[in-house]
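Asks: mind folding the following:
(chains A and B)
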Number of protein chains: 2
Amino acid sequence: MSTLWTRPDGSSSSLYLRLQSNLEKAIRDGELSQGSKLPAERELAEQLQISRTTVTNAYRELEAKGLVRGYVGRGTYVCALPEPSNVPFAWRGKMSAVSLRLSAESLIVNLSSGDPNLISFGVGCPALECFPTDEYCRLQNSILRNRSVEALGAGPVAGQPILRDAIAKEHSVCTRQVLVVAGSQEGLDLLARCLIDPGDHVIVDQPGYFVGFRTFQAAGARLVGWNAARADVDELEHLILRYRPKFICTTPTFHNPTGRTLSLSQRKDVIELATRYRIPVIEDEPYRQMYFDAPPPPSLHELDERGVVIHLSTFSKVLAPGLRLGYIVAPENVVDLLALAKQRSVWLTAGLEQLVLGEMMLSGMVSHHAQKLRQEHRVRRDAMVQALRRAISKARLNFSVPSGGMFLWCRMSDGPTAAELNRRATAQGVVFAPGELFYPEISESRELRLCFAGTPVSKIEEGVERLRRAFEAQTASEPLATIANA
Amino acid sequence: MSTLWTRPDGSSSSLYLRLQSNLEKAIRDGELSQGSKLPAERELAEQLQISRTTVTNAYRELEAKGLVRGYVGRGTYVCALPEPSNVPFAWRGKMSAVSLRLSAESLIVNLSSGDPNLISFGVGCPALECFPTDEYCRLQNSILRNRSVEALGAGPVAGQPILRDAIAKEHSVCTRQVLVVAGSQEGLDLLARCLIDPGDHVIVDQPGYFVGFRTFQAAGARLVGWNAARADVDELEHLILRYRPKFICTTPTFHNPTGRTLSLSQRKDVIELATRYRIPVIEDEPYRQMYFDAPPPPSLHELDERGVVIHLSTFSKVLAPGLRLGYIVAPENVVDLLALAKQRSVWLTAGLEQLVLGEMMLSGMVSHHAQKLRQEHRVRRDAMVQALRRAISKARLNFSVPSGGMFLWCRMSDGPTAAELNRRATAQGVVFAPGELFYPEISESRELRLCFAGTPVSKIEEGVERLRRAFEAQTASEPLATIANA
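Replies: Okay, the predicted model is just below:
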């Protein structure tokens, strides 16, 4: 036996480090080979006349480095050579289980791109060309100059008073029932954190808003899809009885992606079910103001008499997604809990935007702009519908014309999956949101969501022409595929 | 026996609803009293000549409403009267366990307030009076006019390229190693989601940044405090060996709240430990540029050769917290995973601020402003130190003078707790951050954190005078307390 098993020199405080370093050297030099057994801790402590804790610490440290492994009742064995020092740190082993699981199923959805030549029907973006730039600049300059501490300082977690008041006024609630969030996506995230316990079932529209699915799953929810286009209230009741969900999350108006709007009687039925079974409803209403014909029926929140509905909205669709402003209307005690969750997630929402938006709401500028957008988006919807009908036969691409919102939800009769068509379309310089995205479980789909709102008419026509070419490419390649399969 | 136990009329599909409604009526009318037993499901199904499923569904629905409760092997019993319809919805029962647990321990920390007469030494805010308003307005107007789609549209999740590039350049990393976040609080939250599994230990500075504590706890972490002022690396190693933490989160430079800065050799020791035990380090460095004498030693990230350090910073301290802009520098695969988590939490960071900050960094305006702030904050620090020394004796309030950062960390020799003193101070028109906040477990503290950076000199003097009066109030009340205790 070598000098390895003799007492290391030095003060008692650093003994274990020396012992550990001697052992490490022996493993590195091959003196202790992989699979060989180290002396039992008690035995070695006696032999070296050191405390057992010192040996334990040295062994533990070697184990932390992955050099040895201890087995209860069997002893400690050399299990690997030390890692060479130039190997990059193994981060993957440090990642949380939820994060790894979701990353395997997720994709960063960048449906727009930095490429100015690409036409994107992918992102649900309003007509930014109509944005009231001059008024916005005037307001933000004036607020930065005159109310800099409110705009730049650490404002209240629940939001700037002027904006909360304006929202409260619009929804006929009191200010304490309003929480300002950085877009409705943050709202969904806060609601997920505050309502979902791991394993809870949550009823979602299917197809539906895909990022919301991931948000709920990250909080541990099991998703139950309610057929969004059918919107059958009996089916909803069966799902409630079967799954006892923690809550229902639904978009009643100009639903994303299908465009359907629940009728007044369907809305009343949903509220009645929610109240009877005591299941909260999260009403995600980003498209409410985007109607082209008659305004939609009252929101679930307006119909709710018991406080079972949480209303979620955003300025992303009525102004611009890059502003990152949205809000939640909920009972006061829910807002208080959400604000605590917000404090430990992003803390504050940017102050300047809140003050500008507060002023814009109070002066009527936001509703004025919504009206302007309704006109422009209607023109764009018509342009896309006409271009599609001209370019691609109904038999190959079928859709109904929505009376609001931002999307055409189209179904292909056959051919490749939507994801595959999107790859071909990208090669032609146009992208859309493939149907696969909108289902809780990713699967094949032959549906596509085309956003008509964010693209000017001339580009819509060019984009549809590119889409036609992607369809042609599809047909051209099919015989080849048939041969390959034959 | 009444007609209750006869077959309800109607089609089979709605049978269970009718049965349920008959039973509900009977409970409401007192025909079925609290505690009475319903017939067994099989029995009732035979008696009424309906399917057992119909009975089961009706009983389930009654149970969902809280009217009956089923016990395995014993049967189903009437347990309550139906709730009157005007009772508000019981939200608390729907809240997630984590959210309720943390809300019991949390407080919304609004250390500032809307009251213009209150002087706040509470929030860690820089001198907003120095904010480069004209340049900022000029840049944001020009960007809104010329690059509206980038500023207002749905930009990339990881951040605007110009800002990521500017940050990457400053830190000598590649762009893909940078993630833009809405303030470092969002960064901590994303890191918590991506790294922490429930039950993981996490080593944090103690005392330390209190919102970070809650963020980690919300993700399920158990916090282990490393004494921040002592910053003993041997102690850190013992904590690592004892708790096998998922990561270490520390502020090496001008630590909040103590103001201490780790020496170069302490930094090297921390890196050496982290590398040896393969424990990631999150380096939270909001105050790095806020030095008054020599610049601080290199960051942990600069010293790290293995990629074990994630660097987190913010523009909140060098410009303004209301902007909500910060960033993470990490290995590419970590940034990719964080971006996925960001997509399902807040999705995007506001575009306009990112573009403005990108321009400001590239033109040198941010470092120029940091220099200006260093001068102004130093003047404010000196003013607060002198005012305190004049107003309150060292024996009663002791602190050392920090060479950077934003805070004086003061210790009272006796008297009330910091929280109690803060209540008295609030009555005098001044607030600070009481020491209780800065410990993972809320407990009594006689420490106070005073932010000198956010308040102009004249107000600092007035604020310290109010603080002195709060101390006097304390002394005045002590004899009474003694009598009460006698």
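Asks: from here on, just use CA atoms for contacts and neighbour counts.
Replies: OK.
Asks: mean confidence for stretch A:27-41?
Replies: Taken as a whole, stretch A:27-41 has a mean pLDDT of 84.
Asks: and that stretch, does that touch chain B?
Replies: No: applying C-alpha under 8 Å from any C-alpha of the partner chain, one finds stretch A:27-41 separated from chain B by no less than 14.9 Å.
Asks: and that stretch, C-alpha only, in PDB?
Replies: Taking Å, rounded to 0.1, in the frame of the first residue of the first chain, the C-alpha atoms of stretch A:27-41 are listed here in PDB:
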ATOM      1  CA  ILE A  27      -7.500   8.400  -9.200                       C
ATOM      2  CA  ARG A  28      -6.000  10.600 -11.900                       C
ATOM      3  CA  ASP A  29      -2.700   8.800 -11.900                       C
ATOM      4  CA  GLY A  30      -4.400   5.400 -12.000                       C
ATOM      5  CA  GLU A  31      -3.200   4.300  -8.600                       C
ATOM      6  CA  LEU A  32      -6.800   3.900  -7.700                       C
ATOM      7  CA  SER A  33      -8.500   2.500 -10.800                       C
ATOM      8  CA  GLN A  34     -12.100   2.700 -11.900                       C
ATOM      9  CA  GLY A  35     -14.200   0.300  -9.900                       C
ATOM     10  CA  SER A  36     -11.800  -0.100  -7.000                       C
ATOM     11  CA  LYS A  37     -13.200   0.300  -3.500                       C
ATOM     12  CA  LEU A  38     -12.100   3.000  -1.100                       C
ATOM     13  CA  PRO A  39     -11.500   2.000   2.600                       C
ATOM     14  CA  ALA A  40     -14.600   2.300   4.800                       C
ATOM     15  CA  GLU A  41     -14.800   5.800   6.400                       C
END
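Asks: what residues does the stretch 351-486 of chain A have near chain B?
Replies: Within the stretch 351-486 of chain A, the positions adjacent to chain B are A:G351, A:L352 by C-alpha under 8 Å from any C-alpha.
Asks: below-threshold pLDDT in the stretch 351-486 of chain A: ranges please.
Replies: A:442, A:474-486 (pLDDT under 70).
Asks: all helices of the stretch 201-350 of chain A, in order?
Replies: A:210-218, A:233-243, A:264-277, A:300-303, A:332-343 (DSSP state H, counting those that start in this stretch).
Asks: next one: the stretch 351-486 of chain A
Replies: So, for the stretch 351-486 of chain A - with DSSP H, counting those that start in this stretch - the helices run A:351-362, A:365-391, A:418-428, A:457-485.
Asks: if I look at the residue most central in space within chain A, what pLDDT would I see?
Replies: Note on chain A: the residue nearest the mean C-alpha position is A:V211, at 3.4 Å, using C-alpha atoms, centre = their mean. Note on A:V211: pLDDT of 89.
Asks: is it correct that it is in contact with B:Q343?
Replies: Yes: judged on C-alpha atoms under 8 Å, A:V211 makes contact with B:Q343 at a distance of 7.4 Å.
Asks: which one is A:A127 nearest to, not counting chain neighbours?
Replies: A:G454 (4.6 Å; C-alpha to C-alpha, 6 or more residues apart in numbering or on different chains).
Asks: checking my notes, A:S14 in a helix, right?
Replies: Yes: the assignment for A:S14 (DSSP: H, G, I helix; E, B strand; the rest coil) places it in a helix.
Asks: apart from its neighbours in sequence, what residue is nearest the residue nearest to the centre of chain A?
Replies: Using C-alpha to C-alpha, 6+ apart, the nearest residue to A:V211 is B:R344, at 5.8 Å.
Asks: pull the contacting residues for the nearest residue to A:V149 once chain neighbours are set aside.
Replies: Using C-alpha to C-alpha, 6+ apart and skipping the chain neighbours, the partner closest in space to A:V149 is B:L128 (6.7 Å). By C-alpha atoms under 8 Å, 6 or more residues apart in numbering or on different chains, B:L128 lies in contact with A:S148, A:V149, A:L152, A:G153, B:L319, B:A320, B:G454.
Asks: re earlier: what's the neighbour count on the residue nearest to A:A127?
Replies: Other residues lying near A:G454 total 24 when counted by other C-alpha atoms under 10 Å in any protein chain shown.
Asks: how near is it to A:A228?
Replies: To A:A228, A:G454 is 24 Å away according to C-alpha to C-alpha, to the nearest Å.
Asks: still on that earlier bit, pick the most buried one from the helices of the stretch 351-486 of chain A.
Replies: Most buried of those, by mean neighbour count (mean count of other C-alpha atoms under 10 Å in any protein chain shown): helix A:351-362, with a mean of 22.
Asks: so what secondary structure elements neighbour it?
Replies: The elements that helix A:351-362 packs onto, with contact taken as 3 or more C-alpha pairs under 8 Å, 6 or more residues apart in numbering or on different chains; DSSP states H and E, are helix A:133-146, helix A:148-152, helix A:161-171.
Asks: name the residues that touch the shortest one?
Replies: When contacts are defined by C-alpha under 8 Å, 6+ apart, helix A:148-152 is touched by residues A:I143, A:L144, A:A350, A:G351, A:L352, A:L355, B:L128, B:A320, B:P321, B:G322, B:L323.
Asks: how many neighbours does A:V178 have?
Replies: Look at A:V178: counted by other C-alpha under 10 Å, it has 29 neighbours.
Asks: backbone dihedrals for it, please?
Replies: Phi and psi for A:V178, reported as degrees, to the nearest 10, are phi -120, psi 130.
Asks: ok but A:G124 is inside a strand, no?
Replies: No: per three-state DSSP, A:G124 lies outside any strand segment and is coil.
Asks: and it, how close does it get to A:G212?
Replies: Using C-alpha to C-alpha, A:G124 is found at 14 Å from A:G212.
Asks: thinking again about what came up before, redo the contacts of B:L128 as TSV? Include distance to B:V385.
Replies: Shown next, in TSV, are these (distance: C-alpha to C-alpha, whole Å):
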residue	distance to B:V385
A:S148	27
A:V149	24
A:L152	26
A:G153	24
B:L319	24
B:A320	24
B:G454	15
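Asks: ok, and the most crowded of those?
Replies: For the contacts of B:L128, neighbours tallied by other C-alpha under 10 Å; top is A:G153, 26 neighbours.
Asks: wait, that one sits on B:L319?
Replies: No: if you go by C-alpha under 8 Å, A:G153 and B:L319 don't touch, sitting 9.8 Å apart.
Asks: tell me which residue of the stretch 151-300 of chain A lies closest to chain B.
Replies: A:L152 (4.1 Å; C-alpha to the nearest C-alpha).
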